[in-house]
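> I'll drop the sequence and a predicted model, then ask my questions.
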2 protein chains.
Amino acid sequence: VKITLAQLNYRIGDFEANTTAIIHSINKARNEGADLVVFAELSVCGYPPLDFLEFDDFIEKCEHSLQQIAVACSNIACIVGAPVRNHNPKGKPLYNAAVFCFEGKTKVFRKALLPNYDVFDEYRYFEPAKDFELLHFKGKKIALTICEDIWDVGNSRLYTLNPMEELWPQQPDLMINIAASPFHYNQAKRREEVLKANVSQFGIPLVYVNQVGAQTELIFDGDSMVINEKNEIVYRLKNFEEDSYTFDIDLLVGINTKETNNNQIAKTARIHDALVLGIRDYFTKSGFSKAIVGLSGGIDSAVTLALAAKALGNNNIYGLLMPSQFSSDHSVNDAFALANNLGCPNSLIAIEDIYNAFDISLQPIFNKLPFNITEENIQARIRGVLLMAISNKFGYILLNTSNKSEAAVGYGTLYGDMNGGLSVLGDVYKTEVYELADYINRNGEIIPQNSIVKPPSAELRPNQKDSDSLPDYPLLDSLLFDYIEQELSPKELIMRGHDEKLVARVLRLVNLNEYKRHQTPPILRVSPKAFGMGRRMPIVAKYLQ
Amino acid sequence: VKITLAQLNYRIGDFEANTTAIIHSINKARNEGADLVVFAELSVCGYPPLDFLEFDDFIEKCEHSLQQIAVACSNIACIVGAPVRNHNPKGKPLYNAAVFCFEGKTKVFRKALLPNYDVFDEYRYFEPAKDFELLHFKGKKIALTICEDIWDVGNSRLYTLNPMEELWPQQPDLMINIAASPFHYNQAKRREEVLKANVSQFGIPLVYVNQVGAQTELIFDGDSMVINEKNEIVYRLKNFEEDSYTFDIDLLVGINTKETNNNQIAKTARIHDALVLGIRDYFTKSGFSKAIVGLSGGIDSAVTLALAAKALGNNNIYGLLMPSQFSSDHSVNDAFALANNLGCPNSLIAIEDIYNAFDISLQPIFNKLPFNITEENIQARIRGVLLMAISNKFGYILLNTSNKSEAAVGYGTLYGDMNGGLSVLGDVYKTEVYELADYINRNGEIIPQNSIVKPPSAELRPNQKDSDSLPDYPLLDSLLFDYIEQELSPKELIMRGHDEKLVARVLRLVNLNEYKRHQTPPILRVSPKAFGMGRRMPIVAKYLQ
């Protein structure tokens, strides 16, 4: 029995594109002599479809796609992911299903474990399956599960039931898992552990097919694979790209393994590739091709520009310099050097005249109140208006350049430098931005060395440095990581060696600034805990503030 | 047995304030001779605590509060709501619990039905209870449930298990339900139906205690009540205010009912009161007292100003007029008239000079490209910068004035008139804004008649009218309601009589503009389906676009 793993990049709600791509893969696999093609979770509609699932028309369109796919399965079978209706009068109206299609007919296998944490909300839409059945195909007994179904391994279990343990008495000889498992920099390692824990427990091969491609915040890395019963990775599909692989399950034993130790790919390289895919798919899937970035001469905008140029092509990225009276010469020089290194179109608008116009207009109300953060914000907001003006006039999408450290403590101006259609670095701590810069420069200088080595500054008042108001980034980032990713309590943070006063101050800043993060652009998620859909905090509250 | 219903306004994560208020109510009830005081769902930490629940320290603080409350329950018992740990190694780490406290001891009753739709995410945090037990207190057998536990009534059930039906064989003689049931304009009616469906099914009295007060988007209206076994509402607590009520359960039969038909309170009056509470609590709970509103002379900003003045006091609302070269005289006059009617501090900044400064600065890039929506947006964004400047300088919170019709179709400028800390009217359709204006004027003119009768206009280009680019509001709003609140499909909308072309155009606008709504301020929720946490749509997608 020959099986094809089809790792595709789906478009949410684009039934025509998804169905066409799926049927194309089926036809290709048939030509290669495959008996069964396996696609990812919710491949028919894309993942995550979110509240589109509440619209009857959306479900009808899924059903229509399934019919077309089933009809295309002549002399070949496939497994696709789709929402299917729950016809029982009790329970949520839908199931998250793996649908086996063969010769115009379909058979439905339902997901039992519905992730409902971090970025996942599946219990919002789906009823969990409570009964379990193998798929019988050409003499094979297949335990067909969906993503989370095989993730509840180990001693502490999030769910009270385990699908593979329920299926085991029926004596399957193969596991197939279809997934929509988004990337973060530790996910490949964790995924491999989880898949191998299953093979180790049950001693049968596992075929794993994941989505690839970015869906706004979520980046799917692919990394589909085949594991034999000896728990060796026989084949691993590409990361961050569409890919497919056909193999004969009966020849799996004794096959030469080409296990790639994916874990050796450096974290920074993974993040780089994920962000490039995240930018590219955001643009292509929403029908845009050009981006604009405000260039300060600093490292955040430089890394954002370089990533965007990689994703969309140098010519499609417009860099705008907007120095104020507080900008240093080196800022302008560094920004021009960057744009020149990349060959990106760019120009400069000095903002002093506009700033003065605001200053004069506000004088009757501000009287002689001293310059403070208000005037700093005005500069940032003028830049926001200029960037959006060019964005509107020429159809560019503005890329936001804020990093995760700034986003965490609210070091940024709402409606100013926090503007943008997409935040590229909002899940990348400042210290990681430096690592990205070095990685981008690995084959020669793209980001000017001066942008990397100079002390970070917002340059919104004379001689301002980030370190005037924030702790040094290595210190800050390590504390933020322990609080945000590790969810440690103040007590635990102090036990870890973080300074008590700093803990109180930083946690207060993080919690106070929830209102700012509520209004930021979607952030490309590359860590296990990103700001955005996966971290939901009250805005008005009084906890650690 | 005397029972006190304590309907309090909690603060999320403010354990000291909540515990103090709870203990104060316990002491007061003891003085009134009560045997049992009933508080709302998650009263110890406030609702919704969201991801604070993932922090161990937060749960410890809940446990500490419970201990303090239990100790305070001397010669009196109480029921409070709190998260409690799941000590089983399987399942989610917490339960949503009603905790019975008496003489220093506690007994835990767990929620079984966890709402996970619209604004609710309870399955994100909690394990559903699967076993059920009555509370025995002073000879009474009490079926103690939590909010959603009693809401799954009727033929079509969202859950596969029903807590009251599980408890019924144990022969309870009283139901107590503690709730965190947020307001929308139909909720009081629906709530009454649901509570009465339970009394009707089981034939025993029901004590219902809800939260009151606003928590960012969610507004809890209170509306706690006692229903006797004949299904009469014996007493109903105040809407939108803290309140309490003590009664003797043994004297409930034959008591004079003073059933108030809450349903007769007009929808507009409810929305008005909800918004006033929503504004007030947003400010007081985040430690602010003053608001700024941009006044255009139009109806949205007028209604926003009037509501804010009601919530915070006229002197605490600053109105800023910012006419451009396209503003009409009547706009300025109407805005001044409004501010004068309310006695709110106000001033005027003309934006033409600033606009010209932008125009000149952008000329080298824009060349001779014609005036279009870019320049309209620049005006809106200049106003945004000015409002935020005053907000920053004086510590005002900017109130957003966009209505739901605009938010739906993206008729608004991101980083311009879409700015604000809180959106007051973002869940109020334009046609409903007019109803609010009439209601506000019910005892005399506050909102100038001219703001009500003139055709709506953004005044961003000469002679612009909303009707140039949008269908008439009654037509638009009725279509939006059927699509957003009713979740009808294009086919169904057309069957309802909506014009086919208009359906395609408006649905496309709604879906295309998801990216704008992603960056808007939190919106006070007054309808069954508001933009915000209760409506989650993909940003990059291709469905109905």
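In hand now; what should we look at?
> Residues of the stretch 301-450 of chain A that sit close to chain B?
Applying CB under 8 Å from any CB of the partner chain, one finds that the stretch 301-450 of chain A approaches chain B through A:347, A:349-351, A:353-354, A:356-358, A:360-362, A:364-366, A:369, A:372-374, A:377-378, A:381-382, A:384-386, A:388-390, A:392-393, A:414-415, A:419, A:421. The way it works is simple: take the backbone N, C-alpha and C, and place the C-beta from them, glycine included.
> ok, the residue of the stretch 1-150 of chain A found nearest chain B - contacts?
Per CB to the nearest CB, the residue of the stretch 1-150 of chain A with the smallest distance to chain B is residue A:13, at 2.8 Å. Applying CB atoms under 8 Å, 6 or more residues apart in numbering or on different chains, we find residue A:13 in contact with A:45, A:46, A:49, A:52, A:58, B:538, B:541, B:542, B:543, B:544.
> So, low pLDDT: which residues of chain A?
For chain A, residues meeting the criterion pLDDT under 70 lie at A:253-264.
> re earlier: mind giving me the ChimeraX select for the residues of the stretch 301-450 of chain A next to chain B, buried ones only?
Buried subset of those, written as a ChimeraX selection, criterion 16 or more other CB atoms under 10 Å in any protein chain shown:
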select /A:349,351,354,357,358,361,362,365,366,374,377,378,381,382,384,385,386,388,389,390,392,393,414,415,419,421
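> on that earlier part again, SS state for the residue of the stretch 1-150 of chain A closest to chain B?
Three-state call for residue A:13 (DSSP: H, G, I helix; E, B strand; the rest coil): coil.
> Identify the residue spatially nearest to it, adjacent ones excluded.
Once flanking residues are discounted, residue A:13 sits nearest to residue B:543: 2.8 Å by CB to CB, 6 or more residues apart in numbering or on different chains.
> Isn't that neighbour up against residue A:12?
Yes. Residue B:543 sits in contact with residue A:12 when judged by CB atoms under 8 Å, with a separation of 7.1 Å.
> which neighbours do the two share?
Among the neighbours of residue B:543, those also in contact with residue A:12 (CB under 8 Å, 6+ apart) are residue A:52.
> Could I get the contacting residues of residue A:66?
With CB under 8 Å, 6+ apart as the criterion, the residues that contact residue A:66 are A:44, A:80, A:82, A:99, A:101, A:106.
> And for residue A:19?
Residue A:19 makes contacts with A:44, A:65, A:68, A:69, as judged by CB under 8 Å, 6+ apart.
> Now, the residues you listed that are in helices?
Secondary-structure check on the contacts of residue A:19 using DSSP state H: residues within helices are A:65, A:68, A:69.
> ok, the first one touching residue A:42?
No. When contacts are counted by CB under 8 Å, residue A:65 is not listed as touching residue A:42 (11.3 Å).
> and for those two, which residues touch both?
Taking CB under 8 Å, 6+ apart as the contact criterion, the common neighbours of residue A:65 and residue A:42 are residue A:82.
> Show me which of these two is the more surrounded one.
Neighbours per residue, other CB atoms under 10 Å in any protein chain shown: of residue A:65 and residue A:42, the larger number sits with residue A:42, 30 against 22.
> and the gap between the spatially closest residue to that one that is not a sequence neighbour and residue A:40?
Nearest-residue entry for residue A:42: residue A:81, 4.4 Å, with adjacent residues in sequence omitted and distances by CB to CB, 6+ apart. As defined by CB to CB, to the nearest Å, residue A:81 lies at a distance of 6 Å from residue A:40.
> what touches both of the two?
A:47, A:178, A:180.
> Return the entry from the contacts of residue A:66 with the maximum number of neighbours.
Neighbours here mean other CB under 10 Å. Within these, the largest count is held by residue A:80, at 30 neighbours.
> hang on, the earlier thing: please identify which of residue A:81 and residue A:40 sits among more neighbours.
For residue A:81 against residue A:40, the residue with the higher neighbour count under other CB under 10 Å is residue A:40, and the figures read 33 against 28.
> rewinding a little: list phi and psi for the residue nearest to residue A:42.
When read as degrees, to the nearest 10, the backbone of residue A:81 gives phi -100, psi 140.
> beta partners for it?
Beta bridges link residue A:81 to residue A:98, judged by DSSP bridges.
> How far off centre is the biggest helix by length in chain A?
Of all the segments assigned as helix in chain A under DSSP H, the longest by residue count is helix A:373-394. Distance of helix A:373-394 from the chain centroid (CA atoms, centre = their mean, to the nearest Å) equals 27 Å.
> what does stretch A:503-517 give?
So, by CA atoms, centre = their mean, the centroid of stretch A:503-517 is 24 Å from its chain's centroid.
> Pull out the buried residues from it.
A:503, A:506, A:507, A:509, A:510, A:511, A:512, A:513, A:514, A:515, A:516, A:517.
> now stretch A:86-103
Judged by neighbour count using 16+ other CB under 10 Å, the buried positions of stretch A:86-103 are A:86, A:91-102.
> Just the CA atoms of that stretch, as CSV, please.
Taking Å, rounded to 0.1, in the frame of the first residue of the first chain, the C-alpha atoms of stretch A:86-103 are listed here in CSV:
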residue,chain,number,x,y,z
ASN,A,86,-23.2,16.6,14.5
HIS,A,87,-26.7,15.2,13.8
ASN,A,88,-27.4,14.4,17.4
PRO,A,89,-29.7,17.0,19.1
LYS,A,90,-27.3,17.1,22.0
GLY,A,91,-23.8,18.7,21.9
LYS,A,92,-22.1,21.3,19.8
PRO,A,93,-23.3,21.4,16.2
LEU,A,94,-20.0,20.3,14.5
TYR,A,95,-17.2,17.8,14.7
ASN,A,96,-13.6,18.3,13.6
ALA,A,97,-13.2,15.4,11.3
ALA,A,98,-10.8,13.4,9.2
VAL,A,99,-12.8,12.3,6.1
PHE,A,100,-11.7,9.2,4.2
CYS,A,101,-12.8,9.6,0.6
PHE,A,102,-12.8,6.7,-1.9
GLU,A,103,-14.7,6.2,-5.1
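> What is the end-to-end distance of stretch A:240-251?
The stretch stretch A:240-251 measures 28 Å between its terminal residues, going by CA to CA, to the nearest Å.
> Switch the buried residues of stretch A:86-103 over to TSV; also include secondary structure.
Listed next are the buried residues of stretch A:86-103 as TSV, based on three-state DSSP:
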residue	secondary structure
A:86	coil
A:91	coil
A:92	coil
A:93	coil
A:94	strand
A:95	strand
A:96	strand
A:97	strand
A:98	strand
A:99	strand
A:100	strand
A:101	strand
A:102	strand
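> on that earlier part again, ok, so of the contacts of residue A:66, who is nearest residue A:463?
Closest approach between these and residue A:463, by CB to CB: residue A:44, at 57.8 Å.
> what packs against the helix or strand containing residue A:197?
Assigning secondary structure by DSSP states H and E places residue A:197 in helix A:187-202. Using 3 or more CB pairs under 8 Å, 6 or more residues apart in numbering or on different chains; DSSP states H and E as the contact criterion, the elements in contact with helix A:187-202 are helix A:163-167, strand A:174-179, strand A:206-210, strand A:225-227.
> Relative to residue B:121, which of these is closest?
Residue B:121 sits nearest to strand A:174-179 of all those, at 22.8 Å, using CB to CB.
> okay, the angle between the closest one and strand A:94-102?
Regarding strand A:174-179 and strand A:94-102, their directions subtend 130 degrees when assessed with axes from the mean of the first three to the mean of the last three CA atoms, to 10 degrees.
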